[in-house]
Every structure is written in structure tokens, then in C-alpha cells.
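Chemist: what follows is a protein structure lacking sequence information:
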């Protein structure tokens, strides 16, 4: 009987200790506080907004404000001190064509972003090659009948300079080819959402966007060199129009900013909400 009592007391003490440990951990998590400002990429904005929603439920004392005006504005805002995180569709800590490196900034890889060529639903073309796309955006191919479609002028819609989507599309879909501004049948947009609206409301239009925005309706994604734009084809290497997405920070992130970035990089988020949004976990790619 004495042994039973001794065992019971010991077990009870262990339970109390474990409970206290969990309570302490929960209290520590709840004590995280601060404000995080995220500016930059509109391609990454849906991911950032979803992650912010989940993170703030876990940490009610942390407030996250996120907005998107194009990739280059992300590291610019970090440099100016008006943002903690600059969402960018390229590694802004190194030089890329058209943009110098942002010295002192750290690139935190958070996602793989697939991009797609999109057209208005009235366009009767479902596949375009690299050479055809280069011709369209260089202004050398101006009618859909030249690429197997109907006799109609092609309306070219592109992103404004500074867009990470434009940087990656130009490099990977156009093979580094030029995007030539024209006097007619040409338009520039300032965000992924504006691109979707412009292509969807303009008959005979062509544009490009990250896959999360391709939801049917008035736009459709076309194949690239015969390969469908989807996450499986990015992972297996057959679809080439994709890029890593980064959260740029001034030096190594700290405090709530560090915790938020680590949450976005966590297996829970990468394998959950990130995949549902048609991004690809960074662990799925080899480089």
C-alpha cells in the first residue's frame, strides 16, 4: 500500500511537472508581440495574407500588415526602413538583370512560384512556344492567326518594370527576349490582380501571372512548349516558368519577424496552406 501511494505521488508530481511545462510553453508563445510590415510582391501576397491570418491566431499580440505593389518595392521598403519584410520574386541580395543587389539584405526563401501564360477566354489557342511568345512580346507577331488562332489582333498585356513576375517571365518564358512597348494593343499593369482583370476583360488579350490567380472565369492558362502549367510539372522538371519567392530582411531577422518567417517555412504551412494556394514547398525542389 505504501508503495502504491509512493507511486501515485510520484506519478502525480510528473503530471504536474509536464502540465507546468506545457503551460509555460503556451505562455511563452502568447507573449510574442510586435508589428510586422510586409511590402512587395503581389505574386506572393496571397501566401503572405494566409500565413499572417494563421500566425496571428497563434500569436494574438502580433499584428501583421501586408500589401503588394511589385517585387522591387519590397527590398526598397526594407532599405528605407518602412517594412520589416520585402516580398520579392527574386533574390534581391544579388544582382539580377535590370536590378542591382540590395546590400545588407538577407534573402529568406519561402516558396516556389509557378507562373503561367494566360489569355482571354475568347482566344482559341491552347499552346504557345518560346519562339511564339518572344515574337508576340517583341511585336513581331501581332495577329492570333499567326500562331494557329483566329484572325484578330493580339492585345499584349505586361507587368510594369519592377515586377518580379515580369523579371521571371521574361527570363524563362521569353528566353531573355525583349518586351517591346507599342502604341496600340499594348497595356502595362501594376499588380497580379490588375493583370488578371485586364486579360479577363479584354478580348484577344494575352498576359502572364502566377498560378494562384488562375481560377477560371474569363481567363485561361495556355500550355508552354506543349506542357501544362501546374505544380506537378514544375516539380518533375517539364514546366520551366517558375521561380523561388523570398522574404528580404535587413540583416538576419529577429523577434516576431523571425518567428513569422520560420512559420511560413515550417512543414505545417508548406505542406498545408501553401500547397492549397498552388505554390510549391521549397523542399520539393532540388536547388
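Modeler: That came through fine. Remember, it's a predicted structure, so these values are computed and weren't measured experimentally.
Chemist: every contact and neighbour count from this point should use C-alpha atoms.
Modeler: Noted.
Chemist: please name the residues that touch residue 129.
Modeler: Counting by CA atoms under 8 Å, 6 or more residues apart in numbering, residue 129 touches 224, 225, 226.
Chemist: mind redoing it with 10 Å?
Modeler: 135, 147, 173, 174, 223, 224, 225, 226, 227 (CA atoms under 10 Å, 6 or more residues apart in numbering).
Chemist: any idea how far the third one is from residue 43?
Modeler: Distance, residue 173 to residue 43, by CA to CA, to the nearest Å: 17 Å.
Chemist: same question, the fourth one
Modeler: With distances defined as CA to CA, the gap from residue 174 to residue 43 amounts to 19 Å.
Chemist: these two - which one has more neighbours?
Modeler: Each of residue 174 and residue 43 has its neighbours counted (other CA atoms under 10 Å); residue 43 has more, 30 against 22.
Chemist: returning to what we had before: buried only: go through the contacts of residue 129 for me.
Modeler: By neighbour count, with 16 or more other CA atoms under 10 Å, the contacts of residue 129 hold 135, 147, 173, 174, 223, 224, 225, 227 as buried.
Chemist: and the fourth one, what pLDDT?
Modeler: For residue 174, the pLDDT comes out at 97.
Chemist: who's the closest spatial neighbour of it, skipping the chain neighbours?
Modeler: Distance criterion CA to CA, 6 or more residues apart in numbering; nearest residue to residue 174, sequence neighbours excluded, is residue 134 at 5.1 Å.
Chemist: repeat that for the first one.
Modeler: Excluding its sequence neighbours, the residue lying closest to residue 135 (CA to CA, 6+ apart) is residue 141, at 5.0 Å.
Chemist: surely that neighbour is within a helix?
Modeler: No - going by DSSP: H, G, I helix; E, B strand; the rest coil, the assignment for residue 141 is coil, not a helix.
Chemist: which residues does it contact?
Modeler: Contacts of residue 141 (CA under 10 Å, 6+ apart): 132, 133, 134, 135, 147, 153, 154.
Chemist: now swap in residue 153 and tell me
Modeler: 141, 142, 143, 144, 145, 185, 203, 204, 205.
Chemist: re earlier: what about the residue nearest to residue 135, distance to residue 113?
Modeler: From residue 141 to residue 113 the distance is 28 Å (CA to CA).
Chemist: ok, residue 257 next?
Modeler: 22 Å.
Chemist: quick check: residue 137 touching residue 158?
Modeler: Yes - taking CA atoms under 10 Å as the definition, residue 137 is a contact partner of residue 158 at 8.7 Å.
Chemist: anything in contact with each of those two?
Modeler: With CA under 10 Å, 6+ apart, residue 137 and residue 158 have common neighbours 179, 180, 181, 186, 206, 207.
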